[in-house]
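Colleague: Pasted the sequence and its predicted model underneath.
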Amino acid sequence: MTTAPSSRAKFTVPMLAARKATQEKIAMITAYDATFTCIVDAAGVDIILVGDSVATVFQGERTTLPVTLWEMEYHTRLVAKTRPRAMIVGDLPFGTYQVSPELAVTHSVALIKAGAECVKLEGGIHMAPAIQAITRADIPVMGHIGLTPQSYHRMGGNKVQGRTDGIDPGGRDRLFEDAYAVEQAGACALVIEGIPGSLAREITDKVSIPTIGIGAGVHCDGQVLVLHDALGLNERSFSFAKAYAQLRTTSIDAITQYVAEVRTGVWPDDSHTFH
């Protein structure tokens, strides 16, 4: 059963805290253009993430690192044009918030002007000053800890975090400190990626803001998936993601039929020809 967008209340930042209180799960998914935004919004998602994952699933990059602020503004604007009932979260790309809190605010303003209703950034303890500065500018911030794709080189690839004890980056104790720092800095929610489910559950129980998991088990307050993974559009699959359809195969079959009909003169037929 689909829910018409017009029949749903607009999802807003205060609703995140309400969902944490009522234990109603939060559904978040990525989208990067108007067409797919309309589709996921009609399906009833709560949050649309205009993710820097656009680099890997849309631009063909190996990591998320190359995507620029201008590109994130562009894709955020495309999503916002549809006026979805879901809340729009814009990812701050690598290099736009690490240099200084002041630049983090400036670049967050750019995403808000493009149509984002909240910004997301990666990192814990060291990013707390940036989160504080952005929230002081009255811009909501969603944090992101655990497997942080912008830390690709430091991690030596996209690797599960939190499997070992310690306060070094990626250690179990450090992840607790990161979560606490993000919460205390004023973030309204926290994405937890690529950590053991038991650890994600402990973090979820200890922080007052909702957690949104990806590859972090069922006990987070919500879940997020990359759209292309959920629709089975990627050639490669991931153990932490579920393909709810196989649109890559369906699309290949459809275009194969189109090519065959063009080459045999079947398409276009008389009913698709102007007279």
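Modeller: It's in. As the structure is a computational prediction, the values presented were derived from the model and not from experiment. Numbering: from 1, shown residues only.
Colleague: So the closest residue to Val224 other than its chain neighbours, which state does it fall into?
Modeller: Spatially, and ignoring its direct neighbours in sequence, Val224 is nearest to Met28 (4.0 Å; CB to CB, 6 or more residues apart in numbering). (Each C-beta comes from the backbone N, C-alpha and C, glycine too.) Classification of Met28 by DSSP: H, G, I helix; E, B strand; the rest coil places it in strand.
Colleague: For Met28, give me its contacts.
Modeller: Val45, Asp46, Ile47, Ile48, Leu49, Val89, Ile212, Gly222, Gln223, Val224 (CB atoms under 8 Å, 6 or more residues apart in numbering).
Colleague: try 6 Å
Modeller: Ile47, Leu49, Ile212, Val224 (CB atoms under 6 Å, 6 or more residues apart in numbering).
Colleague: Run through the bridge partners of the residue lying closest to the third one once chain neighbours are set aside.
Modeller: In this structure, Ile212 finds its nearest non-sequential neighbour in Gly222, 4.2 Å apart by CB to CB, 6+ apart. Counting by DSSP bridges, Gly222 forms beta bridges with Ile26, Ile212.
Colleague: show me where the stretch 1-150 of the chain has helices.
Modeller: 13-22, 34-42, 54-57, 69-80, 101-114, 128-136 (DSSP state H, counting those that start in this stretch).
Colleague: Turn these into a markdown table, including mean neighbour count and mean pLDDT.
Modeller: Output for those, formatted as a markdown table (neighbours: other CB atoms under 10 Å; pLDDT from 0 to 100):
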| stretch | mean neighbour count | mean pLDDT |
| --- | --- | --- |
| helix 13-22 | 15 | 98 |
| helix 34-42 | 18 | 98 |
| helix 54-57 | 22 | 97 |
| helix 69-80 | 20 | 98 |
| helix 101-114 | 19 | 98 |
| helix 128-136 | 20 | 98 |
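Colleague: circling back to that earlier point, mind pulling up the pLDDT for the residue nearest to Val224?
Modeller: As predicted, Met28 sits at a pLDDT of 98.
Colleague: Can you show me the strands along the protein?
Modeller: Along the chain, the segments classed as strands by DSSP state E run 26-30, 47-50, 87-91, 118-120, 141-146, 189-193, 211-214, 222-225.
Colleague: Serialize these to CSV and add fields for distance to Ala260.
Modeller: Shown next, in CSV, are the strands of the chain (distance: least, CB to CB, whole Å):
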stretch, distance to Ala260
strand 26-30, 33
strand 47-50, 37
strand 87-91, 40
strand 118-120, 44
strand 141-146, 45
strand 189-193, 42
strand 211-214, 39
strand 222-225, 34
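Colleague: Figure out which of the ones you listed is closest to Pro14.
Modeller: strand 87-91 (10.4 Å; CB to CB).
Colleague: quick one: buried residues of the closest one?
Modeller: Met87, Ile88, Val89, Gly90, Asp91 (16 or more other CB atoms under 10 Å).
Colleague: Next, count neighbours for the closest residue to the last one other than its chain neighbours.
Modeller: Translated: Asp91. Sequence neighbours aside, Asp52 is the residue nearest to Asp91 in space, at 4.2 Å (criterion: CB to CB, 6+ apart). Asp52: 28 surrounding residues under other CB atoms under 10 Å.
Colleague: cool, Ile139 as well?
Modeller: Ile139 has 18 nearby residues by other CB under 10 Å.
Colleague: separation between it and Ala130?
Modeller: Ile139 sits at a distance of 11 Å from Ala130 (criterion: CB to CB, to the nearest Å).
Colleague: hey, what's the residue nearest to the spatial centre of the chain bridged with?
Modeller: The centre of the chain sits closest to Leu49, judged by CA atoms, centre = their mean, with a distance of 4.0 Å. With DSSP bridges as the criterion, the beta-bridge partners of Leu49 are Thr30, Val89.
Colleague: Thr135 contacts Gly186, correct?
Modeller: Yes - Thr135 is within contact range of Gly186, at 3.8 Å (criterion: CB atoms under 6 Å).
Colleague: Flag the shaky bits of this protein, pLDDT-wise.
Modeller: Along the chain, segments meeting pLDDT under 70 span 1-6.
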